[in-house]
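**Q** can't give you the sequence, but here's the structure:
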């Protein structure tokens, strides 16, 4: 009965695909949602490719899975992925539906790289039984959905099948403790000049030993709880790293990866630590899949980091920068603020990370603002901050609490009028910070910013 | 005047830590003491003006219960004697009789407050809250794994106009008040979001009731009040 139900679900879902195409809705998760409605065990019955890599974690999972899928496809693998859809159960199911035949057999793909939402993992991992589970990191995310990272770590530990090989971040004492009984390898980044020992961030979720609650001493700390630590009381320490990035040189765009005592040269395709982690994660997965370092270095050098999160262009006399800072996510905000403060030159900022869905139907829970390190924005190189959207007044209060002088702060609720308040001073970098929810609006506002920047440039020239 | 922050290494979720930072910005004379989970709370033996306990993880709740249970009688005597003690978010739950969960063993609470918390870990409750305290309007947010049951007639902290009270039902009162203990399930920067309440607390502490960034704080508060009062705006997420 189960199998018949599965086939019915599959056929109905497959029939929906051309219908969606005709109505120009072919990017949605509808086929998967329909299949799951008819057959809740759909993922259990559908055929599986030979190798399944599941990528989860708070940050970086989209970047890592996209890079992996691109590289593996470039190397001749036929890769199933859910990049066109969502990372929840319906999105993963849709990926299977699109890649299986009418009997549910996945013949055209030899590999799957699936991005999986942490909370959805309970419904995805047990039926698909991934061979490799990658956890990029675990941080605080939405207070409302994810509560705290230990809650998510517990969900993952319950969801991950015992025979999956874990690929984990050794510099993260939360995710590195997930699925303790499973076979595991670790990636990490060696101590860097920019590392510190004491935490300078508001969010610091591993202050005490996970085993004995004793005080942890960090031998180095990169940001938040990311670093290497030892317990004063019981001797517990961060795990040994199998794939260790060393000699990270942003200027020369090079690094090395150390494995089993040998160092291998790698190109660096990013200027952010976060993306170095993503590169090392990809390297660890590819090594587990049997690629040699020389090949990985070559394909990584030819790949790029997803541009949707950060892009910049020279417009008139200024540089316009689009920087994603996921709404309702203090960690994402903190990382973006830290990055911006650390860049050279004068900056003007437009903060528009409002959750537009909540504006319309609820009232955004603003607590995350008070976990985020707005203190970075008190940096002297940031000369103006325009706060916009429904939470503009909350941004202003939080900025004042963070030490930003009031004269630098402008509040304008309308996003387009807010863009007009930016100075566009010649030579400045103008950052637009937006979230996933405000992405569509952000493009329109960005177009307006471009026009304003060009007009300001002409004024200056005249 | 001293303010003791209990267990900041584990009680720091949801932006709760900003309550004390803001209090410090309002009254720079305040001296803040941080007491870790392995140490005896100082307010039991010293003159402390305000004690603060913020939101934590479920493991954190168990650690607090273990640390404070041997001291519960002394804590009860202190709060009944008027010791100002502010607890926010799920920290309130450990002060009740027990925390029951559908995914973990029951945590025996301190029993300072009547009732038991019941958690459903995959059914997180999210809502905004509009209520009142004395002559003040209160705004805030709840993001919780559960609510309090069997709390009987225990004195609440806030009345509720929109949102849920401590038992998770619409319109019932929120939190608890016992002696100097002010316990609310509202999470995060309660004092930042509620300038009148922050002023009231400063007065209770015997501190000047001027606020840092008062104009900006009041503007954000007034806007939130207006939003929360819109009848067509649902309070439940």
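**A** Great, that's in hand. Keep in mind the model is a prediction, meaning the values are calculated, not measured.
**Q** per-residue pLDDT, residue 88?
**A** No chain specified, so I'll use chain A. Residue A:88 is assigned a pLDDT of 96 by the prediction.
**Q** hm, I was asking about chain B
**A** 98.
**Q** just the one 4 residues further on next, same as before
**A** According to the model's per-residue confidence, residue B:92 sits at a pLDDT of 98.
**Q** nearest spatial neighbour of it, skipping sequence neighbours?
**A** Counting by CB to CB, 6 or more residues apart in numbering or on different chains, residue B:183 is the residue found nearest to residue B:92 once chain neighbours are left out, at 4.4 Å. For glycine as for every other residue, the C-beta is placed from the backbone atoms N, C-alpha and C.
**Q** I'd like the average pLDDT over the lengthiest helix in chain B.
**A** Using DSSP state H, we find that the single longest helix of chain B is helix B:214-229. Mean per-residue pLDDT for helix B:214-229: 98.
**Q** Does it reach chain A?
**A** Yes: for helix B:214-229 and chain A, the contact criterion (CB under 8 Å from any CB of the partner chain) is met by B:216, B:217, B:219, B:220, B:223, B:224, B:227, B:228.
**Q** now do stretch B:137-150
**A** Yes: counting by CB under 8 Å from any CB, chain A has neighbours in stretch B:137-150: B:141, B:143, B:145.
**Q** quick one: which of these is most hemmed in?
**A** Highest neighbour count within these, by other CB atoms under 10 Å in any protein chain shown: residue B:141, with 29 neighbours.
**Q** Grab the nearest non-local neighbour of residue A:364.
**A** residue A:358 (4.0 Å).
**Q** Which strand or helix spans the one you found?
**A** helix A:356-361 (DSSP states H and E).
**Q** Repeat that for residue B:3.
**A** Judged by DSSP H and E, residue B:3 forms part of strand B:2-6.
**Q** For the helix or strand just after that strand, name the packing helices and strands.
**A** Downstream of strand B:2-6, the next assigned helix or strand under DSSP H and E is helix B:18-26. Here helix B:18-26 touches helix A:392-401, strand B:2-6, strand B:50-53, helix B:190-193, helix B:195-205, going by 3 or more CB pairs under 8 Å, 6 or more residues apart in numbering or on different chains; DSSP states H and E.
**Q** chain center to stretch A:238-249, what's the gap?
**A** The chain centre lies 20 Å from the centre of stretch A:238-249; the measure is CA atoms, centre = their mean, to the nearest Å.
**Q** quick one: terminal-to-terminal distance for that stretch?
**A** End-to-end distance for stretch A:238-249: 24 Å, by CA to CA, to the nearest Å.
**Q** Next: stretch A:420-429.
**A** First-to-last residue span, stretch A:420-429, CA to CA: 15 Å.
**Q** How far off centre is that stretch?
**A** Going by CA atoms, centre = their mean, where stretch A:420-429 is centred and where its chain is centred differ by 29 Å.
**Q** Next, count neighbours for the residue nearest to residue A:364.
**A** 20.
**Q** what pLDDT does it get?
**A** Per-residue pLDDT puts residue A:358 at 88.
**Q** Brilliant, that's me finished.
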